[in-house]
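In: Please find the sequence and the predicted model below.
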Amino acid sequence: MPGIGSKAMYICPMHLEIEQDKPGDCPKCGMQLEQKAAFGGEDDDKETRALLHKFWIGLILAFPVFFLALGEMIPVFNPKAFISYNHSRWLQFIFATPVVLWAGNTFFVKAWKSVLNKSLNMFTLIAMGVGAAYGFSAIAILFPDIFPESLKQRGQLGLYFEASAVITVLVLMGQLLETRARNRTGQAIKALLGLAAKVAHRIRNGKEEDVVVDQVQKGDLLRVRPGEKIPLDGIIIEGRSTIDESMISGEPIPVAKGQGDRVIGATFNQTGAFVMQAEKIGSETLLSQIVKMVADAQRSRAPIQKLADQVSGYFVPAVLGCALIAFIVWSIFGPPPALVYALVSAISVLIIACPCALGLATPMSIMVGVGIGAQSGVLIKDAEAIEKCERVTHILTDKTGTLTVGRPQVIAAITANGWDEKALLSVAASIEQGSEHPLARSVVDYAKNKGYVLAPVDGFQSVTGTGVKGKVDGKEILLGKQKFIEEKGIKLPEELENKANDFQEKAETVVWVAVDRQVAGIFGISDPIKKTTPDAISTLHKIGLKVVMLTGDNKKTANAIAKELKITDVYAGLEPKDKQEIVKKLRSKGARVLMAGDGINDAPALAEADVGVAMGTGTDVAIENAGITLVKGDLSGIVKALRLSRGVMRNIRQNLFFAFIYNVLGVPIAAGILYPFLGLFLSPMIAGTAMSFSSVSVIGNSLRLRNIRL
């Protein structure tokens, strides 16, 4: 994929600040590092296969241990019928040893590293619990005489090989499920990477050749045929087509494109063939920028993560304390053999209390949410933007390019007596083709879209700020403001003056056309409201948000747009610093402000707001200062962003609840609090199962975000 570096970097899913250039374990929590941005490389597959290999071998070996230890509970398969008790004990030792010391060796390595790094973590607890169960049992087999008779029942020491082996397999299963689930959170990026075209049809010296996209240079001419992916970002120089941009913008409706229009790499060309000029390659392309933004956002931390971090910092020492207390209490007050009950309760506490789920609660939701946003055209810069977006009370939005298209368009063409629209447009567009003014371009585009042919112009002159003049087919053409026409001594028809006044009341610009000193007609030109804007504004009002328009345009135009969109708060004639001051003022009054804009003049306000939202169609400086970028560049994306933020934050709180409730309920039960009342005593194996599925439940809940409707 162009723009994506070949050197892989690895990060910890729980401690995102940990980063290195090779696979390994996190020095803080011991979790396996995963490839940055979840690109799904060969290293990911290798680690998953190794874990799967250990899990299956461990499961095969653990089964006979479990059967020999507990098979007598199933009368039909009682192992005592065909094997002696002494042989059974030695077989349990033989089968359990490779499970614990080979399949589970990584737990002990990570636990030892946690001690060396002075960062006790979940593997510290697992290694202590499994090690205690296996170590006690192994010594009981090898050196039974060193134990006092008080620990024996009917002259035999209790063994916990089945607990150590089964817990090891359960933890491996949990790790495997977590790895697979975390890999699924990177599917958004993998899907984006898969969109890129692999081959381009390059035109050089009149000949067409197929080349790998990586070989394309800026300025190269590329042919794109119907049904093909557009290879890179560029501009159409020949031909027309409709293009499906849904994979980038999330909008399903194809977009008509013609000469001079920009196209985005990885989007899908539908109906026509065209020749484009490559403008952005490698990391400059929109797709590469999206991948980078999504990867960075998935690695960022939401402020709510601080709560989990603070709890985790005290959690492991607290668990060790609980395990010690449980051991002491059971050894003093427990039934005989008291020390055995004490050991089992301590092991159960250590195992059930692993803080893995707590650490994964926030990162998993963020990773899934950011990926879903990217697939819907909502690019999130960091996790903090998600959290702040949920609490927004005021939506401040620029007008031009945000509420409106940002490109003047001819709304109406009114002809004078003796003229038809085709003749009017032909002469007007012909004279305007020599001007670069946005209003001129709107007239030219309007005529071309209708298929009218433009004629050559003689003696073209542009009169700054008023109009243009020249000759078309020998006729003198004047085009411009009303004042420009009147200054030439040309009389204006009353009916056209009235129509011009109507246009101006609607905040539309009026352009007059005169041919041989006779008025031929007028154009009503405006920057139209985006089709999606009214519904978006209505939705924002319904969910209780205050919408405010900030614009540098004149008050008359601003009020006309605001009235149509039912926006009551309007600030017009603003400079960039004025917009920033309004944001400051609202925030000082306790408002949580989301600012949306697309221009350089919006950048200060975007940076000042709690959440800045840039239109993907806008300037780079606006996008740089925003926490969220909308690829499609319309206000409906803000509605999506708000729904996404609320869904993600709700999901994070659910995850934290799952993580806390397992530990809050599990630790006391593992310590034996129910035994005096109900006679229930938690087996270490059950504790291991609960520990594994606490993490799986958190990840599974995070993956539910993929079903969120934006």
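Out: That came through, no problem.

In: quick one: low-confidence parts of the stretch 251-400 of the chain?
Out: The stretch 251-400 of the chain contains residues with pLDDT under 70 at 251-253, 290, 292-302, 304-313, 354-359.

In: quick one, strands of it?
Out: In order along the chain, the stretch 251-400 of the chain carries the following strands (DSSP state E, counting those that start in this stretch): 255-257, 262-263, 268-269, 274-280, 378-380, 394-398.

In: I'd like to know which elements the fourth one is packed against.
Out: The criterion is 3 or more Cβ pairs under 8 Å, 6 or more residues apart in numbering; DSSP states H and E, and the helices and strands that strand 274-280 contacts are strand 221-224, strand 233-239. Quick note: C-beta positions are derived from backbone N, CA and C, even for glycine.

In: Quick check: what element follows the worst-scoring helix or strand of the chain on mean pLDDT along the chain?
Out: Averaged element by element with mean pLDDT, DSSP states H and E, the chain has its least confident helix or strand at helix 620-624 (a mean of 56). Next along the chain after helix 620-624, taking DSSP states H and E as the criterion, comes strand 628-630.

In: Distance from that following strand to the middle of the chain?
Out: The chain centre lies 11 Å from the centre of strand 628-630; the measure is Cα atoms, centre = their mean, to the nearest Å.

In: thinking residue 584 is in contact with residue 609, fair?
Out: No: the pair residue 584 / residue 609 is not scored as a contact, 9.5 Å apart, by Cβ atoms under 8 Å.

In: now the helix or strand that contains residue 132: how far from the chain's centre is it?
Out: Per DSSP H and E, residue 132 falls inside helix 122-142. From the chain centre to the centre of helix 122-142 is a distance of 42 Å (Cα atoms, centre = their mean).

In: Keeping just the C-alphas, turn it into PDB.
Out: Coordinates of the C-alpha atoms in helix 122-142 are reproduced here as PDB (Å, rounded to 0.1, in the frame of the first residue of the first chain):
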ATOM      1  CA  MET A 122      -2.000 -10.200  35.600                       C
ATOM      2  CA  PHE A 123       0.700 -12.700  34.800                       C
ATOM      3  CA  THR A 124       2.200 -12.200  38.200                       C
ATOM      4  CA  LEU A 125      -1.100 -13.400  39.700                       C
ATOM      5  CA  ILE A 126      -1.500 -16.300  37.200                       C
ATOM      6  CA  ALA A 127       2.100 -17.500  37.700                       C
ATOM      7  CA  MET A 128       1.700 -17.400  41.500                       C
ATOM      8  CA  GLY A 129      -1.600 -19.200  41.400                       C
ATOM      9  CA  VAL A 130      -0.600 -21.900  38.900                       C
ATOM     10  CA  GLY A 131       2.900 -22.200  40.300                       C
ATOM     11  CA  ALA A 132       1.600 -22.700  43.800                       C
ATOM     12  CA  ALA A 133      -0.900 -25.400  42.800                       C
ATOM     13  CA  TYR A 134       1.600 -27.300  40.600                       C
ATOM     14  CA  GLY A 135       4.600 -26.700  43.000                       C
ATOM     15  CA  PHE A 136       2.700 -28.000  46.000                       C
ATOM     16  CA  SER A 137       1.500 -31.100  44.100                       C
ATOM     17  CA  ALA A 138       4.900 -31.800  42.600                       C
ATOM     18  CA  ILE A 139       6.700 -31.700  45.900                       C
ATOM     19  CA  ALA A 140       3.900 -33.800  47.400                       C
ATOM     20  CA  ILE A 141       4.700 -36.500  44.800                       C
ATOM     21  CA  LEU A 142       8.500 -36.300  44.900                       C
END
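
In: Just the buried positions in the longest helix along the chain, please.
Out: The single longest helix within the chain, with elements called by DSSP state H, is helix 636-671. Within helix 636-671, the residues that count as buried by 16 or more other Cβ atoms under 10 Å are 636-649, 651-652, 654-656, 658-660, 662-663, 666-667, 669-671.

In: Now do the same contact list for residue 568.
Out: residue 562 (Cβ atoms under 8 Å, 6 or more residues apart in numbering).

In: Same check on the one 3 residues further on?
Out: The neighbours of residue 571, taking Cβ under 8 Å, 6+ apart as the test, are 548-551, 578-579, 582.

In: shaky segments in the stretch 101-250 of the chain?
Out: Looking at the stretch 101-250 of the chain by pLDDT under 70, you get 121-122, 125, 146-158, 174, 177-195, 246-250.

In: 50 instead, please
Out: Applying pLDDT under 50 to the stretch 101-250 of the chain flags the ranges 250.

In: Could I have the CA atoms of stretch 83-92 written out in PDB?
Out: The C-alpha coordinates for stretch 83-92 follow below in PDB (Å, rounded to 0.1, in the frame of the first residue of the first chain):
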ATOM      1  CA  ILE A  83      -5.600 -48.000  37.700                       C
ATOM      2  CA  SER A  84      -4.200 -47.800  41.100                       C
ATOM      3  CA  TYR A  85      -4.300 -44.600  43.200                       C
ATOM      4  CA  ASN A  86      -0.500 -44.300  43.300                       C
ATOM      5  CA  HIS A  87      -0.200 -44.800  39.500                       C
ATOM      6  CA  SER A  88      -2.900 -42.200  38.900                       C
ATOM      7  CA  ARG A  89      -1.000 -39.600  41.000                       C
ATOM      8  CA  TRP A  90       2.200 -40.200  39.000                       C
ATOM      9  CA  LEU A  91       0.400 -40.100  35.600                       C
ATOM     10  CA  GLN A  92      -1.200 -36.800  36.700                       C
END
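
In: how about residue 627, what does it touch?
Out: Here residue 627 is in contact with 380-382, 384-385, 388-389, 611-613 (Cβ under 8 Å, 6+ apart).

In: Please tell me how far it sits from residue 498.
Out: Counting by Cβ to Cβ, to the nearest Å, the gap from residue 627 to residue 498 is 48 Å.

In: what does residue 565 give?
Out: 27 Å.

In: more neighbours, the two?
Out: residue 565 (22 against 9; other Cβ atoms under 10 Å).

In: Just give me the neighbour total for the nearest residue to the more buried one once chain neighbours are set aside.
Out: Leaving aside its chain neighbours, residue 565 sits nearest to residue 537 (5.0 Å; criterion: Cβ to Cβ, 6 or more residues apart in numbering). Residue 537 has 26 neighbouring residues, counting by other Cβ under 10 Å.
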